[in-house]
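# No sequence on hand, only this structure:
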């Protein structure tokens with residue numbers, strides 16, 4: 001079994017999209033570990049705030065088979081692959097790590113560089129897997145989070161994601 005970390009995010013119909021994505025992932029891998037839901041501002045463009053979380057799972061699927069399944073989940077949940085910068089893209093599911101792979105695989109760089117750049121990726125990773133070492137590095141997700149220069153990135157916990165309330169209560 002390969003340990004995988006996935007990053008999920010959306011800024012369109014956030015509650016429904018994230019719930020549907022998590023439900024679909026639970027069919028692929030019934031024993032998910034899911035971070036809290038976080039709200040973050042759009043990075044790199046002007047747009048509606050995002051909901052983000054990180055999921056840990058174990059799978060026997062190859063990376064290619066997993067990516068194919070993830071794309072199908074995205075497509076089912078409104079992913080617009082032709083959206084222009086600043087437009088919502090629907091549910092986005094990114095492979096952050098796949099086992100200990102380091103390098104270019106299936107057309108993607110692993111581990112994903114977003115891990116060390118964005119609070120909305122690193123904070124939930126540090127939450128659910130604080131002692132896990134980033135593949136190809138010597139530093140845990142918790143230490144990477146402690147040392148992240150957030151550069152003004154705003155992230156907050158969605159206080160009541162399960163009930164559908166879309167307001168966060170405290171800033172991180």
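That came in fine, so what should we check first? Remember, predicted model here, so these are calculated numbers, not experimental data.

# The closest residue to residue 136 other than its chain neighbours - how many residues pack around it?
Spatial nearest neighbour of residue 136, excluding adjacent residues (C-beta to C-beta, 6 or more residues apart in numbering): residue 102 at 3.7 Å. In short, each C-beta sits where N, CA and C put it, glycine included. The tally of other residues near residue 102 (other C-beta atoms under 10 Å) stands at 14.

# give the contact list for residue 102.
By C-beta atoms under 8 Å, 6 or more residues apart in numbering, the contact set of residue 102 is 110-111, 135-136.

# could you dump those residues to TSV with distance to residue 125?
Putting the contacts of residue 102 into TSV (distance: C-beta to C-beta, whole Å) gives the following:
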residue	distance to residue 125
110	14
111	10
135	12
136	15
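
# Tell me the spacing between the residue nearest to residue 136 and residue 113.
Separation of residue 102 from residue 113 (C-beta to C-beta, to the nearest Å): 12 Å.

# quick one: which helix or strand includes the closest residue to residue 78 other than its chain neighbours?
Spatial nearest neighbour of residue 78, excluding adjacent residues (C-beta to C-beta, 6+ apart): residue 90 at 3.3 Å. Secondary structure assignment for residue 90, by DSSP states H and E: no helix or strand.

# Kindly report the same for the one 5 residues further on.
Using DSSP H and E, residue 95 sits within strand 92-98.
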